[in-house]
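Q: Okay, sequence plus prediction incoming.
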Amino acid sequence: MFVLVEMVDTVRIPPWQFERKLNDSIAEELNKKLANKVVYNVGLCICLFDITKLEDAYVFPGDGASHTKVHFRYVVFRPFLDEVLIGKIKGCSPEGVHVSLGFFDDILIPPESLQQPAKFDEAEQVWVWEYETEEGAHDLYMDTGEEIRFRVVDESFVDTSPTGPSSAEATSSSEEPPRKEAPYTLAGSISEPGLGLLSWWTSN
């Protein structure tokens, strides 16, 4: 679920931090810049693990700050495909079951990846597994807040860097704001036995 990623960056330290230890100042700046941010094709950055190398620091004309090239390792959330995770149901919609890990919410289990047969209850806004038994079908509801075990089957990165308006957008008279896309999303599956709500597979 968590991996160590080697990174290189140039860190600017303002003059009023010169009295502090250089490593402490650099660690603080790196966490300010990266913690809780998604790096494209890398994952969700959590926290600095260690600094492996500091190159020479430079002070440029007109800028009293020091600029240091830093080699470091960062803890990143990026589960591997087919990894099994446990989260909580954040909500349901016709698009599927939305799952949260507490620190990461952009997880969707689409309808085709649910235990089958499944249906969406419009009145309750919840997905239901129509579990077949010898006595007939039993409706097992996927309620908000329930713990759910799922398998990671896909991941998607979207470059959300700011861009200028396209010619089509410039000529469009529509006032609709652009839809905000998540920079990093996971797709899950609970179609196998043993996956799904923990309460389904727990004997009383």
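A: Arrived safely.

Q: how far is stretch 45-52 from where the chain is centred?
A: 18 Å (Cα atoms, centre = their mean, to the nearest Å).

Q: Which strands and helices lie in contact with the biggest strand by length in the chain?
A: The single longest strand within the chain, with elements called by DSSP state E, is strand 43-59. Counting by 3 or more Cβ pairs under 8 Å, 6 or more residues apart in numbering; DSSP states H and E, the packing neighbours recorded for strand 43-59 are strand 2-13, helix 22-34, strand 38-39, strand 66-77. Every C-beta, even on glycine, is put in place using the N, C-alpha and C of the backbone.

Q: how about TSV for those, with mean pLDDT added?
A: Output for the helices and strands packed on strand 43-59, formatted as TSV (pLDDT from 0 to 100):
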stretch	mean pLDDT
strand 2-13	94
helix 22-34	93
strand 38-39	94
strand 66-77	95
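
Q: Report the central residue of the chain.
A: By Cα atoms, centre = their mean, the chain has its centre lying nearest to residue 104, at 4.7 Å.

Q: OK, contacts around it?
A: Taking Cβ atoms under 8 Å, 6 or more residues apart in numbering, we find residue 104 in contact with 44, 77, 186.

Q: so what pLDDT did it get?
A: As predicted, residue 104 sits at a pLDDT of 94.

Q: got it, and the one 4 residues further on?
A: The score at residue 108 is 95. That number is its pLDDT.

Q: same deal with residue 168?
A: Taking residue 168 on its own, its pLDDT is 50.

Q: Ok, residue 154 next?
A: Residue 154 is given a pLDDT of 95.

Q: can you check residue 36 too?
A: At residue 36, pLDDT is 93.

Q: doesn't residue 44 make contact with it?
A: Yes - using Cβ atoms under 8 Å, residue 36 makes contact with residue 44 at a distance of 7.4 Å.

Q: Which one of those two is surrounded by more residues?
A: Using other Cβ atoms under 10 Å, the more surrounded residue of residue 36 and residue 44 is residue 44, with 20 against 12.

Q: give the contact list for that one.
A: 36, 37, 38, 76, 77, 78, 103, 104, 184.

Q: what's the spacing between residue 195 and residue 153?
A: Residue 195 is 11 Å from residue 153, where distance means Cβ to Cβ, to the nearest Å.

Q: Can you work out which residues contact both of the two?
A: residue 189.

Q: more neighbours, these two?
A: The neighbour count for residue 195 versus residue 153, taken as other Cβ under 10 Å, is higher for residue 195 (21 against 16).
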